[in-house]
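**Q** Could you work out the structure for the sequence below:
(one chain, ligands or ions: 1)
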Amino acid sequence: MNDMRLGDRAKQMDDTKIRARGVNVFYGDNHAIKDVDVDIADRMVTAFIGPSGCGKSTFLRCLNRMNDTISACKITGEIKIDDQNIYDSRVDPVQLRAKVGMVFQKPNPFPKSIYDNVAYGPRIHGLAKNRKEMDEIVERALRRGAIWNEVKDRLHAPATGLSGGQQQRICIARAVATEPEVLLMDEPCSALDPIATAQVEELIDELRQNFSVVIVTHSMQQAARVSQRTAFFHLGDLVEYGETGTIFTNPEDSRTESYISGRIG
Ligand SMILES: Nc1ncnc2c1ncn2[C@@H]1O[C@H](COP(=O)(O)OP(=O)(O)OP(=O)(O)O)[C@@H](O)[C@H]1O
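**A** You can find the predicted model right below:
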């Protein structure tokens, strides 16, 4: 183990936001995630990389219990956010998903106005006492989504009428409107052109001032650009996890090296 990783491990003692231990996921007989332990840091971007089907999205969805909605899916092990086991029967998944927001691969605005898309979560969770407070929440979220200037004059127009890149930033604004602590992003740029991708990447860098961000990406360049930590998955195993620069320049495991050099995947 190199010095960087030892330093990282020590730091993780202080800044861990999510602590997963012995996590296994099964879809029927398919053992999709195998005994994964990982500590995800607060206010940093963590990238999940690995070949198609290795379990990146499955593990990401464990972090806000999105897999609960898949009946064939069984999860064992423990995932704690701060000190709370999110699979404890007392945890309400709806409340959990306000705390752990998610942005998907394909922009999926609701067929509602831009304003109502962003106000949706805050309304469900009763975050505003009146219209003025809701207006403030919506504006703050749209500013955080780096889309306010483009939409401030048409807040009541349908969100579905925006470009793909704008829709994705609306979805990010919608996810941050409930003041989550963690933001999960499942290939958030895969449907975007290079300009919109650059805007979303810049935004991810700003979001980490306030949130712990976990991003699944197929682009190693993107992982290298946006993340501080990288986890490499292969066939359901978390093969290697550490500081992004180290994973890309000096990986310990031959499978990681093969993947980043394009020999597998
Ligand atoms: N809803 C589901 N029902 C059954 N099996 C699933 C489901 N989702 C994923 N799987 C299986 O779990 C394994 C991991 O899939 P997952 O989508 O997590 O991989 P991934 O690394 O995110 O892949 P990709 O990069 O292609 O999106 C695969 O074998 C996949 O077929």
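**Q** separation between His156 and Phe211?
**A** 28 Å (C-beta to C-beta, to the nearest Å). To be clear about C-beta, it is placed using only N, CA and C from the backbone, and glycine gets the same treatment.
**Q** what about these two, which has more around it?
**A** Shown here are His156 and Phe211; by other C-beta atoms under 10 Å, Phe211 has more neighbours (24 against 9).
**Q** Next up, the contacts around that one.
**A** Each residue near Phe211 by C-beta atoms under 8 Å, 6 or more residues apart in numbering is listed here: Arg43, Val176, Pro180, Glu181, Val182, Leu183.
**Q** Are any of the residues you listed buried, and if so which?
**A** Neighbour counting by 16 or more other C-beta atoms under 10 Å classes Val176, Pro180, Glu181, Val182, Leu183 among the contacts of Phe211 as buried.
**Q** correct me, but the last one touches Asn210?
**A** No: if you go by C-beta atoms under 8 Å, Leu183 and Asn210 don't touch, sitting 9.1 Å apart.
**Q** which residues in the chain form strands?
**A** For the chain, the strands defined by DSSP state E occupy 16-27, 30-41, 45-49, 73-81, 84-85, 100-103, 182-186, 212-216, 229-234, 237-243.
**Q** what's the fourth one packed up against?
**A** By that I understand strand 73-81. Secondary-structure packing of strand 73-81 (3 or more C-beta pairs under 8 Å, 6 or more residues apart in numbering; DSSP states H and E): strand 16-27.
**Q** The strand it packs on close to the ligand?
**A** Yes: on the criterion C-beta under 6 Å from any ligand atom, strand 16-27 is in touch with the ligand at Tyr27.
**Q** now that strand: mean pLDDT?
**A** Throughout strand 16-27, pLDDT has a mean value of 97.
**Q** Pull the distance from that strand to the chain's centre.
**A** 15 Å (C-alpha atoms, centre = their mean, to the nearest Å).
**Q** just the angle between it and strand 73-81, please?
**A** Interaxial angle of strand 16-27 relative to strand 73-81 (axes from the mean of the first three to the mean of the last three C-alpha atoms, to 10 degrees): 170 degrees.
**Q** tell me the angle strand 16-27 makes with strand 30-41.
**A** 180 degrees.
**Q** Convert the C-alpha atoms of strand 16-27 to CSV, please.
**A** What follows is strand 16-27, C-alpha atoms only, in CSV (Å, rounded to 0.1, in the frame of the first residue of the first chain):
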residue,chain,number,x,y,z
THR,A,16,-16.7,9.4,6.1
LYS,A,17,-20.3,10.1,5.1
ILE,A,18,-21.3,6.7,4.0
ARG,A,19,-19.9,3.5,5.5
ALA,A,20,-20.8,0.2,3.7
ARG,A,21,-19.8,-3.1,5.2
GLY,A,22,-20.3,-6.6,3.8
VAL,A,23,-22.8,-5.5,1.1
ASN,A,24,-24.1,-8.2,-1.2
VAL,A,25,-26.8,-7.8,-3.8
PHE,A,26,-28.6,-10.6,-5.5
TYR,A,27,-31.1,-10.4,-8.4
